[in-house]
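Colleague: A structural model of the following input is requested.
(chains A and B)
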Amino acid sequence: MAKTHILLSEQENLLSMASSSASNSHIPLELTLNILHHLPVKSLVRFLCISKQWRHLISSQDFIKKHLKLSIESNRDCGIILRHFDDSDFLRFLFAPLFDNNQFGNAVEIHSALQLHILHHCDGLVCLSDEKDEVAIWNPLIRKYRKLPRELVEKPSGFEHCTRAFAFGYDPQNDDYKVLRVVEFYNAKRHLTEFEVKAYSLKAQSWKKVEEQWPDKKLSLNPGSASLNGAVHWLVDAPQSKIESLIAFDLATEKFRFYKAPDQPDDEERVFPALEVLGRYLCYSVLVNHNDTTYHEVWLMKEYGVESSWTQIYRIGQGEVPGIFAYRPLMFSKNGKEVLLEEAREHYMNLVWYDMENKTGQRVENRSFPCGFTASICTGSLLLLDGDNVIDPRNEIPSEGLNLLVEALYELMFEL
Amino acid sequence: MSNTSENPNPSSSSAKMTLKTSDNELFEVEEAVAMKFCTVKQYFEDEKDSDVAARGSTTVIPLPNVHSAVLTMLISYGKKLPQSNAVADNHEEEETKKKERKKYEQGLLKNLMPGELLDLISAANYLDFKEGLEFFNQALADHIQNKSVEYVRKFFGIKNDYEPHEEEKYREEYAWAFEGIECWLIGELKQFMAKTKTLDIAGTLLGIKPALIVASFSVRGLNSLDSNILKPEMIAPGENILAAWINAIGPTGLDSNT
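Modeller: Predicted coordinates:
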């Protein structure tokens, strides 16, 4: 190892002799920062080593936020996380970067510290849970995570069972990422239900009971949350009402509010509704039975909070695009004309780019993708840089052989 | 010496402005392009007169921080951007223009040295040329993205203030971020190799006047190994030229050569 140290400092001497690039000794910090904003996270983590000043710059909250914003706007460092179970039923995660031409790079395995299978994502952070007691927040691209402390469920007397639902989102008012846990208590006959709502703040690193109570005990949560605009949203089952509702929990004010789902015509039947975030919008996707045909419909709430702004952006009839069965919209393409769909087929999963204008679909062919998976979008961010390191057991210590090779080349350079 | 610019879109305003660079060169630029430089725009908004055409033709705007070579490139990039006063194109025309611009951008970057990118960024920042700044920032980021820590330090002129053990700690902790990064040594070697030149045979050239004369001190006669070959076997113009020799044997056959 000592030899490598000498090598590192000698390198810089040699660089000043051999390099032909102009001397740029004084570049204003502002200009440097602007350039750094355009770099992907892998480069930025590496450049933490450049100098103490650069480390302070890169790890400052201000920089991380600006970098994230630019990342989201330009779809840079964007990719897909594929979660799948391997042959021995072990949970594995793969990450495949997305390129400008809608192609995906090779899916590379990313080691996750925990065997937790439910994913929520927000701003490049992924919230993993097993829908029971284990929850963690993970930034897969910079290999950092934070495990949440266990928070017990206080089960009130008279209830035998409970189900938990989690949601994860960003609170812009407090500049904090929060995990929300809603526990629904019920007994076998389901006459009575009780709810408990708690929130975990990444900043405070602790759980707290939410003051406001679950608004209506008759409402049952559908799993699958969407977080957007400082709130987390779920679809709710209201047994009496025909019109579907969404419940939103504002992470800042910690209050609930309701929205209506898109209007449903009388001659249509809806099944399997789901909420997603598509682009910058709240997205409602559902299977519709109409005149003996099944359609996959997707609506966007073009103006957040305005129920009349629900707009149907496309509708795919069964059989319209060859072999399509059930879909989940994931993201828009860079030009906004196509949507990436996760397609569930009988024995495997597909990713399909659906062109909304021409109504055609193009399957993503990528040999590195596993047969079955659940997909989730991932954006590059430096959030949780201060988190715990994910130790990848596959990492090898650099071999002596490589050091010898570098030394040999170094001597060759001197001779040249 | 002034640089006149063509007007690609005859329907747009043909008002021109004159910009003067740090090396005292004058550039006549269309108003539409010059207004993309917000510093220039601000210069006019500060003036009390409202008639741009009159001002444009008479006032010379000084740009003491911008060299003519840099301004040429920024203006040329500015012209390729969609003009704010141009007639709206239909979808097809827009796509063609986008493709053209992409091609132009690629060509521009191919011929630029990384150090020049910094000059362009600096000038674009001074001129408050937002689109140009965005483009060149991204280009430079793309250039340093996969470079080693040593390269980036040298490029930005940054002194390493880490203790060796501190730096080693980071390198170990973030070993994954160093994977696949071009070792600076390989990078330098590549650059060095790229500097070697190859000679192409041009063939026999006839009719050169005056005819070249072999210097009086050059050896003539037969090649000692093959009498069908006449000396000199290889010649080049000039008289005080160092001969080439292979590393194995020096020119004089002695162990040392001065």
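Colleague: so which bits of the longest helix along chain B are buried?
Modeller: For chain B, the helix that runs over the most residues, judged by DSSP state H, is helix B:91-110. Under the neighbour-count criterion of 16 or more other C-beta atoms under 10 Å in any protein chain shown, helix B:91-110 has residue B:108 buried. Every C-beta, even on glycine, is put in place using the N, C-alpha and C of the backbone.
Colleague: does any part of it sit near chain A?
Modeller: No. With C-beta under 8 Å from any C-beta of the partner chain as the criterion, chain A is not reached by helix B:91-110; the gap is at least 10.1 Å.
Colleague: what's that helix packed up against?
Modeller: helix B:68-80 (3 or more C-beta pairs under 8 Å, 6 or more residues apart in numbering or on different chains; DSSP states H and E).
Colleague: what does the helix it packs on rub up against?
Modeller: B:3, B:5, B:8, B:19, B:21-23, B:25, B:27, B:29-30, B:33, B:36-37, B:63, B:66, B:100-101, B:104-105, B:108, B:119-120, B:123-124, B:127, B:129, B:131-132, B:135 (C-beta atoms under 8 Å, 6 or more residues apart in numbering or on different chains).
Colleague: so where's the stretch 101-250 of chain A shaky on pLDDT?
Modeller: Low-confidence segments of the stretch 101-250 of chain A (pLDDT under 70): A:113, A:239-243.
Colleague: let's go with 90 and repeat that
Modeller: Along the stretch 101-250 of chain A, segments meeting pLDDT under 90 span A:101-103, A:105-124, A:126, A:128-134, A:140-141, A:143, A:151-166, A:182-196, A:211-225, A:235-246.
Colleague: which residue does it bring closest to chain B?
Modeller: residue A:143 (6.3 Å; C-beta to the nearest C-beta).
Colleague: give the contact list for that residue.
Modeller: Each residue near residue A:143 by C-beta under 8 Å, 6+ apart is listed here: A:110, A:111, A:389, A:390, A:392, B:176.
Colleague: repeat for residue A:376
Modeller: Listed by C-beta under 8 Å, 6+ apart, the contact partners of residue A:376 are A:80, A:81, A:83, A:119, A:121, A:126, A:330.
Colleague: do a quick rundown of the helices in the stretch 1-150 of chain A.
Modeller: Secondary structure of the stretch 1-150 of chain A (DSSP state H, counting those that start in this stretch): helices at A:2-18, A:29-36, A:41-46, A:52-58, A:61-74.
Colleague: ranges for the strands of the stretch 251-400 of chain A?
Modeller: A:256-260, A:269-278, A:281-290, A:293-301, A:310-317, A:326-332, A:338-344, A:349-355, A:360-363, A:374-378, A:388-389 (DSSP state E, counting those that start in this stretch).
Colleague: mean pLDDT lowest where, among the ones you listed?
Modeller: For the strands of the stretch 251-400 of chain A, mean pLDDT drops lowest on strand A:388-389, to a mean of 82.
Colleague: what strands line up against it, and which way round?
Modeller: Strand A:388-389 sits in its sheet next to strand A:144-147 (antiparallel), going by DSSP bridges.
Colleague: so what touches the strand it pairs with?
Modeller: Counting by C-beta under 8 Å, 6+ apart, A:112-114, A:134-139, A:202, A:205, A:384-390 sit against strand A:144-147.
Colleague: surely residue B:18 forms part of a strand?
Modeller: Yes. The assignment for residue B:18 by DSSP: H, G, I helix; E, B strand; the rest coil puts it in a strand.
Colleague: pretty sure it is touching residue B:28, no?
Modeller: Yes. Using C-beta atoms under 8 Å, residue B:18 makes contact with residue B:28 at a distance of 5.5 Å.
Colleague: any idea what the closest residue in space to residue A:169 that isn't next to it in sequence is structurally, helix, strand or coil?
Modeller: In space, and not counting its chain neighbours, residue A:169 is closest to residue A:227: 3.1 Å by C-beta to C-beta, 6 or more residues apart in numbering or on different chains. On the three-state scheme (three-state DSSP), residue A:227 is labelled strand.
Colleague: got the contact list for the closest residue to residue A:59 other than its chain neighbours?
Modeller: Nearest non-adjacent residue to residue A:59, counting by C-beta to C-beta, 6+ apart: residue A:385, 5.4 Å away. Residue A:385 makes contacts with A:45, A:59, A:64, A:139, A:142, A:144, as judged by C-beta under 8 Å, 6+ apart.
Colleague: tally of neighbours for the last one?
Modeller: By that I understand residue A:144. If you count neighbours by other C-beta atoms under 10 Å in any protein chain shown, residue A:144 ends up with 21.
Colleague: who's it bridged to?
Modeller: For residue A:144, the beta-bridge partners are residue A:139, residue A:389 (DSSP bridges).
Colleague: name the surrounding residues that touch the longest helix of chain B.
Modeller: Residues from elsewhere that reach helix B:91-110 (C-beta under 8 Å, 6+ apart): B:73, B:76, B:77, B:80, B:81, B:82, B:89, B:135, B:139.
Colleague: just the buried residues of the residues you listed.
Modeller: B:73, B:77, B:80, B:81, B:135, B:139.
Colleague: just give me the closest of the residues you listed to chain A.
Modeller: residue B:139 (9.0 Å).
Colleague: ok, the closest one - contacts?
Modeller: Applying C-beta under 8 Å, 6+ apart, we find residue B:139 in contact with B:109, B:112, B:117.
Colleague: need those in CSV with pLDDT and distance to residue A:172, can you?
Modeller: Below are these laid out as CSV (pLDDT from 0 to 100; distance: C-beta to C-beta, whole Å):
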residue, pLDDT, distance to residue A:172
B:109, 83, 37
B:112, 82, 40
B:117, 87, 35
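Colleague: got the residues you listed as a markdown table, with distance to residue A:232 columns?
Modeller: Listed next are those as a markdown table, based on distance: C-beta to C-beta, whole Å:
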| residue | distance to residue A:232 |
| --- | --- |
| B:109 | 43 |
| B:112 | 47 |
| B:117 | 43 |
